[in-house]
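[1] Quick one, what's the 3D model for this:
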Amino acid sequence: MTTTTSHTPEHVPDSGGPSDGAAAAARPVRLIHSESTTEIPVHLLFRDAPGAAPVRLRATVAARRSGTGRGKEEPPRSAVPLVDPALQERPARVLPGAAGVLAGLCGVAGGVATSWWAGVLPPFAAEALGLTARAGAAGPGPAQWGAYAAAGALGLFGFGGLARGRTGRAWVLDLFGRYRGTVRRTGLLWVNPLLLRRRVDVRLRHWRGEPMQAADRGGVALRVAVLVAWRVRDTARATLGVEDHEGYLRACVEAALLRVPVAAPGSGRGATQATEDSLTRLVAADVAPVGVEVFAVRPVRVEYVPEVAAAMHRRRIAALDAQHRASVLSSVVDSVEDTVTRLTMRGLVELNDDERKVLVRDLTVAFCAGRGEAGP
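    Here you go, the predicted structure:
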């Protein structure tokens, strides 16, 4: 037996009269109407045409909130970069040092030639250069002063731009507040003298900080000194992205120690290695946006704070004392049992229950007194 159910919505108007049909024709019936879906007429859902294409709805509000819809959604905080993403290291335009030396020598030669042209070159200098001294010259004029200015500017730019690139060092070049590139080349170079040079150390470096606050898995306060192996990977971000990249690294290490539980003193190698790995991952992720690369963050000294250390010392002394008392009591009980057993098994004495209890008590007191006088 087959049953047929009606899928006509409750709000669909009845087609009983002409007035109702005219109203339905004047105003299309809406099946779904919300802020996140389209308006779909009812006849599209209930048409009998074969091969009709299915109607696609837009993404719902839940899909938009989950990031799969087309609506605009605010990016998560972790995706927001700490520095300008366009600020990245790129090589600067520099010339070999020979070009600067040649330009400087040309400036010097131009100055000497201008002096000879103006007639102010000393005779001994002219003779040394193989030139004939010009007698009766009226001195430097406007043309000679212009030549002096050009030769002096050429010499200053030539010799003033000479620089020596060293291994493990780089220069960040800045022109009127705008980043112009980074120089990592070595040897004699020529750099534009108008550029501001910021020297950056790009070698592998180790930093050992002072003891900082931390806590173990139980929340007990610790003081931890760490050794950080790091280097500058992006000189532009490390120099221009933050005011002081070393201070930023120090702050990130201190923040990581407050977020990661540190293995307590006396923990095994596994707990210490887990702490080192967690600290390394966290600090490396924090300093990566500013162009600093962290290889390892190793706790080299872990100790309790003074007040906690005193309490831990008292607890340790109490535990040792309790352990010593337990061992002494166990030894006394064994000695008393052995003595009573030997006396009864060899037939030296015959004891009832009351006499046995008195003998055990006396022997226990005697053995404990003897242990106390002998010391631990």
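
[2] use CA for all of it now, contacts and neighbours both
    Noted.

[3] So Ala225 is in contact with Trp207, correct?
    No - assessed by Cα atoms under 8 Å, Ala225 is found out of contact with Trp207, at 10.5 Å.

[4] In terms of neighbours, single out the busier of the two.
    Set Ala225 next to Trp207 and count neighbours by other Cα atoms under 10 Å: Ala225 wins out with 19 against 14.

[5] Spell out the secondary structure type for that one.
    Secondary structure for Ala225, judged by DSSP: H, G, I helix; E, B strand; the rest coil, is strand.

[6] Contact partners for it?
    Arg208, Gly209, Glu210, Pro211, Met212, Pro299, Val300, Arg301, Val302 (Cα atoms under 8 Å, 6 or more residues apart in numbering).

[7] Out of those, the closest to Gly181 would be?
    Closest to Gly181 out of these is Arg208 (31.0 Å), distances taken as Cα to Cα.

[8] Neighbour-wise, give me the winner out of the contacts of Ala225.
    Pro299 leads the contacts of Ala225 on contacts (other Cα under 10 Å) with 21 neighbours.

[9] Neighbours of the residue nearest to that one when sequence neighbours are not counted, how many?
    Nearest-residue entry for Pro299: Val226, 4.2 Å, with adjacent residues in sequence omitted and distances by Cα to Cα, 6 or more residues apart in numbering. Residues lying near Val226 (other Cα under 10 Å) number 23.

[10] Ok, Val172 next?
    Using other Cα under 10 Å, Val172 has 25 neighbouring residues.

[11] Checking my notes, it in a helix, right?
    No - going by three-state DSSP, the assignment for Val172 is strand, not a helix.

[12] beta partners of it?
    Thr182, Arg198 (DSSP bridges).

[13] Do I have it right that it meets Arg237?
    No - counting by Cα under 8 Å, Val172 does not reach Arg237; the two are 10.1 Å apart.

[14] before we move on, the earlier item: could you export the contacts of Ala225 as a markdown table, including secondary structure, pLDDT and distance to Arg93?
    Converted to a markdown table, those look like this (DSSP: H, G, I helix; E, B strand; the rest coil; pLDDT from 0 to 100; distance: Cα to Cα, whole Å):
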| residue | secondary structure | pLDDT | distance to Arg93 |
| --- | --- | --- | --- |
| Arg208 | strand | 91 | 37 |
| Gly209 | coil | 84 | 38 |
| Glu210 | coil | 88 | 41 |
| Pro211 | coil | 89 | 44 |
| Met212 | strand | 90 | 44 |
| Pro299 | strand | 92 | 42 |
| Val300 | strand | 91 | 43 |
| Arg301 | strand | 90 | 46 |
| Val302 | strand | 88 | 49 |
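
[15] Using a markdown table, please lay out the residues you listed together with distance to Asp244.
    Shown next, in a markdown table, are those (distance: Cα to Cα, whole Å):
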| residue | distance to Asp244 |
| --- | --- |
| Arg208 | 17 |
| Gly209 | 16 |
| Glu210 | 18 |
| Pro211 | 21 |
| Met212 | 20 |
| Pro299 | 24 |
| Val300 | 25 |
| Arg301 | 26 |
| Val302 | 27 |
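
[16] Next SSE downstream of the least confident helix or strand in the chain by mean pLDDT?
    Lowest on mean pLDDT, DSSP states H and E among the helices and strands of the chain sits helix 61-65, with a mean of 38. Next along the chain after helix 61-65, taking DSSP states H and E as the criterion, comes strand 95-96.

[17] any residues touching that following strand, and which ones?
    Leu188, Leu189, Trp190, Val191.

[18] Buried ones in whichever helix or strand comes after it, by neighbour count?
    Per DSSP H and E, the first helix or strand lying C-terminal to strand 95-96 is helix 97-118. Across helix 97-118, burial judged by 16 or more other Cα atoms under 10 Å covers 97, 99-101, 103-108, 110-118.

[19] again, but for stretch 325-336
    Buried residues in stretch 325-336 (16+ other Cα under 10 Å): Val328, Leu329, Val332, Val333, Val336.

[20] List of residues touching that stretch?
    With Cα under 8 Å, 6+ apart, stretch 325-336 has contacts from Val360, Leu363, Thr364, Phe367, Cys368, Arg371.

[21] can you do 7 Å?
    If you take Cα atoms under 7 Å, 6 or more residues apart in numbering as the criterion, stretch 325-336 is touched by Val360, Leu363, Thr364, Phe367, Cys368.

[22] Quickly note the distance from the closest residue to Leu121 other than its chain neighbours to Pro140.
    Distance criterion Cα to Cα, 6+ apart; nearest residue to Leu121, sequence neighbours excluded, is Ser115 at 5.1 Å. According to Cα to Cα, to the nearest Å, Ser115 and Pro140 sit 8 Å apart.

[23] host element of the residue nearest the centre of the chain?
    Against the mean C-alpha coordinate of the chain, by Cα atoms, centre = their mean, the closest residue is Asp286 at 2.2 Å. Per DSSP H and E, Asp286 falls inside helix 269-287.

[24] before we move on, what about Asp362?
    helix 353-374.

[25] From the contact counts, what lies against that helix?
    helix 306-345 (3 or more Cα pairs under 7 Å, 6 or more residues apart in numbering; DSSP states H and E).

[26] where does the stretch 251-376 of the chain dip in pLDDT?
    Counting by pLDDT under 70, the ranges of the stretch 251-376 of the chain that qualify are 308-311, 313, 370-376.

[27] at 80 what do you get?
    266, 306-318, 320-321, 324-325, 328, 343-356, 359, 362-363, 365, 367-376 (pLDDT under 80).

[28] ok so, going back, for the helix holding Asp362, buried residues please.
    Quick answer for helix 353-374 (16+ other Cα under 10 Å): Leu359, Val360, Leu363, Thr364, Phe367, Cys368.
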